[in-house]
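[1] could you look at this predicted model? Sequence included:
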Amino acid sequence: MLLSVTSIHPWNTLPAFTLASRCKTQMEINQIHANLIATGHVHNPSLTSKLILDLAFSKHKPVLDFARHLFFEYDYRDPFLWNAIIRSFSHGKEPGQAFQLFVLMLLRGVMVDEYSFSLVLKSCSRLHLLSEGMQVHGLMLKVGFGLDVFLQNCLISMYVKCGIVQLGRQVFDRMIRKDSFSYNLMIDGCVKCGMVSLARELFDMMPSELKNLVTWNTMINGYLKLEDGFECAWDLFDKMPDRDLVSWNLMVDCCAKNGKMGLAQVLFDRMPERDVVSWASMVDGYAKVGNVEAARRFFDAMPRDVISCNAMMAGYVNNGYYEEALNVFHDMLGNTSDLAPDSVTILTALSATTQLGCIDEGIAIHQYMEEHGFFVSGKLSVALLDMYAKCGSIEQALYVFEGVQEKDIDHWNAMIGALAIHGLGELAFDLFMEMERLSLEPDDITFIAVLHACGHSGMVKEGLVCFEIMRRVHRIVPKLQHYGCMVDILSRAGHLEEAAKFVEEMPIQPNDVIWRTLLSACTNHENLNVGEPVAKHLIGMDSYDTSSYILLSNMYAQSGLWDYVRKVRTTMKERELNKIPGSSWIELEGTVHEFFVGSASNHKEREIHSTFVAGPSFDQSSCVVRIERVWQS
């Protein structure tokens, strides 16, 4: 973009003015600015004010910044200019600046109008600035704008978005004239705050001529969010004078999410038009009821986009078809596809990879993320960390953890859990203590991860310390999982009497998992005195669970009580109880193998077994070095 430095043309034909509105980049704006300086037009408030009005509505940040720069160069009194700049903030990424500029406008004595108030109320709505919004409300009443319908609607919007529906209702009730927008704002606000009964009250009192598609759809959506609201939603849908695509999609999606696929299919077939949301709802619905084949048929028949692929991948993953999910992902990346995976796609692909334990696939996904500009943070970084840990690469998991600039509680929980499943209990405990040193607030999941780590590393003292920190320091009420971890810690260490006493003194009812944890430990430590009553208690809870019988039989065998062994086996035979053989999956040279206990059906079994015997070549020192670097950063 080349500009002449001299011109005698009228202002609206000058290059700086004709080209300014077309600018997008900082470089282009710099040329405009240079031309204004060189020609002297930058010192002409009349010309620059017109330029400000032209640029303040741009979508490009460099252009907006330039308009604001010109505005602050002079003491403008024109309310149109002030409103234009306030709007650039209230509708942009810095709505808080709009409120500050509005205050400055008042201090400078510039006349405010209805538009000024609407803009500052919008900024208060976006930032949930209730106190500031109430002050603006008071000023409106003081200067005589309190009865303006447009501004009253802005007030309703501000109050309901701040979650104060009662104040919005007060404004609504005092309105002399209400339009459809007034009713829709109140109904939508009530629905979003979970006050569906109040929303229905407003819906019923709303004049029929004011009700539009937005009104009906909002009310239907409100009922669909309730567990028992389907019948009311269906009744409204049936009474609608007109329906649009949103109306149909709401009902189809609700039927699909509630497993009513027969009704969803009927609605889908009756739809006058469909979009990708309609098809994706059917894919998702059939997948959720386990009918993956039907979901795939819809997927193959629908227009392909990222939403449809995400729905199909999620359906596969939720039903255990992990390889098929990755096949959809690979198809998206193929040469014949122009689809670009989004963060949801990546999360689903990482989930499938984690379930398969296929680290090569995980590495490829990680490389794709880096090559295509995915910012490794938030859920993506947690999923990536979890994938590496569960696929056996704790060093890569630590590398991802280090690379996250702003770690939240999910990152710390994932890393502690990763160290736990790799048997690195001391490092997991140290990482937890580092959280304490940094005054980071742990949650109940944090303590489950730390207690799990302590249990698998025989760290009884540290486990007891964590349990007390959770209760006394962070005031977190222990859940069943926390008690289960404590039983596991005591049981694994051989403190079986203490573990049994701990279970008996639990303030909540222990489940079968906790009892079975104690029973397994009794078998491992050959403690029949504690184990026998535990086993009988478990059999009383579920007489058809084979594991309790087998563990009891094993304890009798360890003690040489063969008559009791025969009695247990006879009982199992009478009740036709058979033990299901255990199975394991492992990746070897890019292929996932499955083999069963006592079976030699897998031709790679000897090679796999030799790999286990050789043991891992993992160096813990690298973990220590990496964690120390995390602490120092």
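    Ah, there it is.

[2] and the helix or strand containing residue 70, what does it pack against?
    Per DSSP states H and E, residue 70 falls inside helix 61-73. The contact analysis (3 or more CB pairs under 8 Å, 6 or more residues apart in numbering; DSSP states H and E) places helix 61-73 against helix 26-39, helix 45-55, helix 79-90. Backbone N, C-alpha and C define where each C-beta goes, glycine included.

[3] pull out the buried residues from it.
    62-64, 66-68, 70-71 (16 or more other CB atoms under 10 Å).

[4] how about CSV for those residues, with distance to residue 368 and pLDDT added?
    Below are these laid out as CSV (distance: CB to CB, whole Å; pLDDT from 0 to 100):
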residue, distance to residue 368, pLDDT
62, 31, 73
63, 34, 69
64, 34, 71
66, 38, 73
67, 39, 70
68, 39, 75
70, 44, 71
71, 44, 75
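
[5] residue 71 against residue 85, yeah?
    Yes: shown here, residue 71 and residue 85 form a contact pair, counting by CB atoms under 8 Å, at 5.1 Å.

[6] joint contacts of these two?
    In terms of CB atoms under 8 Å, 6 or more residues apart in numbering, residue 71 and residue 85 are both contacted by the residues residue 52.

[7] so what's the spatially most central residue of the chain up against?
    Central residue of the chain (CA atoms, centre = their mean): residue 379, 6.9 Å from the mean position. Residues in contact with residue 379 (CB under 8 Å, 6+ apart) are 343, 347, 410.

[8] what do you get for residue 333?
    341, 368.

[9] from residue 528, how far out is it?
    For residue 333, the distance to residue 528 (CB to CB, to the nearest Å) stands at 58 Å.

[10] residues contacting residue 515?
    503, 534, 537-538, 541.

[11] give me the domain ranges for the protein.
    481-579, 580-633 (automatic domain parsing).

[12] number of nearby residues for the closest residue to residue 234 other than its chain neighbours?
    In space, and not counting its chain neighbours, residue 234 is closest to residue 251: 7.3 Å by CB to CB, 6 or more residues apart in numbering. Neighbour count of residue 251, defined by other CB atoms under 10 Å: 25.

[13] quickly find the element holding residue 251.
    Residue 251 belongs to helix 245-257, assigned by DSSP H and E.

[14] same check, this time on residue 308
    Going by DSSP H and E, residue 308 is in helix 306-318.

[15] which one of the domains of the chain has the lowest average pLDDT?
    Lowest mean pLDDT within the domains of the chain: domain 580-633, a mean of 53.

[16] on that earlier part again, what's the next secondary structure element after the helix holding residue 308?
    helix 322-333.

[17] that next one to helix 306-318, inter-axis angle?
    For helix 322-333 against helix 306-318, the angle by axes from the mean of the first three to the mean of the last three CA atoms, to 10 degrees is 160 degrees.

[18] off-centre distance for the helix or strand following helix 322-333?
    Of the helices and strands lying after helix 322-333 in sequence (DSSP H and E), the nearest is helix 343-356. Distance of helix 343-356 from its chain centroid, counting by CA atoms, centre = their mean, to the nearest Å, is 14 Å.

[19] residues in contact with helix 343-356?
    Residues contacting helix 343-356 (CB under 8 Å, 6+ apart): 306, 309-310, 313-314, 316-317, 320, 322-323, 325-326, 329, 332, 341, 359, 361-362, 365, 368-369, 374, 379-380, 383-384, 386-387, 390-391, 585, 587, 592.

[20] which of the helices or strands spans the nearest residue to residue 451 once chain neighbours are set aside?
    Closest residue in space to residue 451, ignoring its immediate chain neighbours: residue 485 at 3.5 Å, by CB to CB, 6+ apart. Assessed by DSSP H and E, residue 485 sits inside helix 480-492.

[21] how about that helix: buried residues?
    481-492.

[22] could those be laid out in a markdown table, adding distance to residue 134?
    Output for the buried residues of helix 480-492, formatted as a markdown table (distance: CB to CB, whole Å):
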| residue | distance to residue 134 |
| --- | --- |
| 481 | 44 |
| 482 | 43 |
| 483 | 47 |
| 484 | 49 |
| 485 | 48 |
| 486 | 50 |
| 487 | 53 |
| 488 | 53 |
| 489 | 53 |
| 490 | 56 |
| 491 | 58 |
| 492 | 58 |
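
[23] just give me the closest of those residues to residue 475.
    residue 482 (13.5 Å; CB to CB).

[24] I figured the closest one was touching residue 444, is that so?
    Yes: the criterion here is CB under 8 Å, and residue 482 meets it with residue 444 at 7.1 Å.
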